[in-house]
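[1] Next come a sequence and a model predicted from it.
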Amino acid sequence: MAHDIVFFLAPDDATAATTRLRGPSGAFESVKCRFIEPDTAVAEWDMYFEQPSSEVPPSEQLYAWRPWPEWVTAPLNDGVEVIALPQRLTRALAGASSAELEGLAERWTARLRSEDGDDMTDDDLLAVLQGVARLAVSAVETGGGLYSWSF
């Protein structure tokens, strides 16, 4: 589980990769959260839009999901990684209705609660999704990409 996660907008993978050592900080439009697994979250979001359901997917189905988010910079011994959100997910988030984001937040919360119990993040997951969806709108409008930096 990553301690700090920042979803951010960048023009391309090369620019996103420059955030590896110090994080996106204030140089990029971003949304922060804590104590989640960003690659698993991204896969779950993608699954939700490709196969809509209010049911929490079984772990085996979630971890077998393809395409799994791709690393822009692979994690090293320090645990820092930068991943690119799939373009289809970026488009889906950009076009998502409030009801879709609420449904996804409920499902995501249920999965995290079942896996992490009392150690679950205390972030408002709907607010995180709404913020990432706003970034997705910008990414679609500018032709940029949506990324996650985590430690």
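    Cool, the structure landed. Quick caveat: nothing in here was measured; it's all calculated off a predicted structure.
[2] you'd agree Val82 is in a strand?
    Yes. Assessed with DSSP: H, G, I helix; E, B strand; the rest coil, Val82 lies in a strand.
[3] Could you report the distance from it to Arg111?
    According to C-beta to C-beta, to the nearest Å, Val82 and Arg111 sit 24 Å apart. Backbone N, C-alpha and C define where each C-beta goes, glycine included.
[4] neighbour-wise, which of the two wins?
    Ranked by neighbour count (other C-beta atoms under 10 Å), Val82 and Arg111 place Val82 first, with 25 against 19.
[5] Setting aside sequence neighbours, what's the nearest residue to the most centrally placed residue in the chain?
    The residue lying closest to the centre of the chain (C-alpha atoms, centre = their mean) is Val42, at 4.2 Å. Spatially, and ignoring its direct neighbours in sequence, Val42 is nearest to Pro69 (4.4 Å; C-beta to C-beta, 6 or more residues apart in numbering).
[6] Who are the packing partners of the lowest-mean-pLDDT helix or strand in the chain?
    Least confident helix or strand, the chain: helix 59-63 with a mean of 88, by mean pLDDT, DSSP states H and E. Judged by 3 or more C-beta pairs under 8 Å, 6 or more residues apart in numbering; DSSP states H and E, helix 59-63 is in contact with helix 38-50.
[7] Now do the buried residues in the helix it packs on.
    Going by neighbour count (16 or more other C-beta atoms under 10 Å), the buried part of helix 38-50 is 38-49.
[8] Where does pLDDT dip in this protein?
    For the chain, applying pLDDT under 70 flags the ranges 1, 118-119.
[9] show me where it has strands.
    Under the criterion DSSP state E, the chain contains strands at 2-10, 30-36, 70-73, 81-84, 145-150.
[10] how about Asp39, what does it touch?
    By C-beta atoms under 8 Å, 6 or more residues apart in numbering, the contact list for Asp39 reads 68-69, 83, 148.
[11] From the rest of the structure, what touches stretch 46-59?
    Contacts for stretch 46-59 (C-beta under 8 Å, 6+ apart): 44, 61-62, 65, 67, 86, 88-89, 92-93, 96, 100, 103-104, 106-107, 110-111, 114.
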